[in-house]
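Asks: Quick one: sequence plus predicted model below, questions after.
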Amino acid sequence: MAEDLAEGRLRYRLARWHVGLVLSIDDPERVDALDGVIPAVRAAAAGRSPLVARASATSRWLWLSGPDIPDLHHVEKVLATADEVRAAVGRPGHGLEGFRSSHQDALAAQALVTRLGSGRRFTAYADVELIDAVTKDRAGARRFVVDTLGPLAEADAALRQALLTYVQCGFNTTRAAANLYAHRNTVERRVSRANELSAVKVEDNPTHVAAALLVLDIAPGIVATGQS
C-alpha cells in the first residue's frame with residue numbers, strides 16, 4: 001500500500017519515527033485494566049501522535065510517532081505501575097517500513113516472553129533480540145543454558161547476576177560493583193565463583209555465557225521446568 005493511502009486510512013502520519021508497542025493482559029475478565037492504561041501511556045508520550053488498534057479481547061497494538069526517535073522512559077514508568085498489563089516494545093523505525101518493523105519487533109518480544117513462560121512485564125526487543133534468536137523453541141533454549149552454564153544454571157542467582165553484570169560492564173569490576181551496589185571485593189568473589197561453576201568459561205566465550213545468563217534472567221524457571 002502506498003504511504004499516502006495508508007496515512008489516509010489510518011489517519012496517522014507515517015513519514016516520521018515510530019515505536020510499536022503491544023499491550024496485553026492474561027485475564028480476559030480484567031480487560032478494563034488494559035484499556036485503562038492506554039490514556040496514561042498517551043499522556044506520558046506527550047508530543048507524540050498515537051495510533052491504537054484493538055488486536056484481540058486481551059491485547060492492544062499501539063504506535064507512537066514523532067519527528068525524532070521517541071524516548072519511552074516516561075511510558076515505561078507508567079507501564080511499570082500497571083501490574084496486570086504486559087508491554088512489549090519494538091525498535092524505533094522511520095517511515096512506512098519503520099512502522100511495520102517496529103510492530104513486528106514488539107510482536108516478537110511478546111512471543112518470546114510467552115514462549116519462555118516469563119513473568120517479565122516490560123520487554124524491549126532491542127534488549128532481547130539475541131535471546132529471541134537462540135530460544136526459538138523452549139527445549140532448545142534449555143539445552144543452550146545447561147550446556148553453557150552447567151552447575152551455574154541452578155546456583156545462587158546472585159552469582160549469575162554478578163557475572164552477567166561484569167560482562168555487560170566490559171569486564172570492569174569497579175563498574176559492575178557500582179551497578180550492583182556491592183563492594184568491589186564481593187563482586188570479584190562472586191564473579192570468580194560463578195566462572196568456576198560455569199561449563200563454558202567467560203573468558204573463552206563471553207557472548208554465549210552472557211546470552212545464557214540473559215535467558216535465565218528472563219525465564220528463571222526454564223531449567224527446573226525442563227527437568228520436571
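Replies: Thanks, I have the structure now.
Asks: Under the pLDDT cut-off, which ranges of the protein? List them.
Replies: Scanning the chain with the threshold set as pLDDT under 70 gives 47, 225-228.
Asks: Which elements pack onto the longest helix seen in the chain?
Replies: The single longest helix within the chain, with elements called by DSSP state H, is helix 95-115. Of the remaining helices and strands, those touching helix 95-115 by 3 or more Cβ pairs under 8 Å, 6 or more residues apart in numbering; DSSP states H and E are helix 3-10, strand 17-25, strand 59-66, strand 85-89, strand 93-94, strand 122-124, helix 125-134. No exception for glycine: its C-beta is placed from N, CA and C like everyone else's.
Asks: what's the angle from that helix to strand 17-25?
Replies: Orientation check (axes from the mean of the first three to the mean of the last three Cα atoms, to 10 degrees): helix 95-115 against strand 17-25 gives 30 degrees.
Asks: circling back to that earlier point, adding mean neighbour count, write the helices and strands packed on helix 95-115 out as a markdown table.
Replies: Output for the helices and strands packed on helix 95-115, formatted as a markdown table (neighbours: other Cβ atoms under 10 Å):
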| stretch | mean neighbour count |
| --- | --- |
| helix 3-10 | 12 |
| strand 17-25 | 24 |
| strand 59-66 | 22 |
| strand 85-89 | 26 |
| strand 93-94 | 19 |
| strand 122-124 | 20 |
| helix 125-134 | 16 |
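Asks: what would these look like in TSV with distance to residue 172?
Replies: Below are the helices and strands packed on helix 95-115 laid out as TSV (distance: least, Cβ to Cβ, whole Å):
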stretch	distance to residue 172
helix 3-10	45
strand 17-25	31
strand 59-66	35
strand 85-89	28
strand 93-94	33
strand 122-124	24
helix 125-134	20
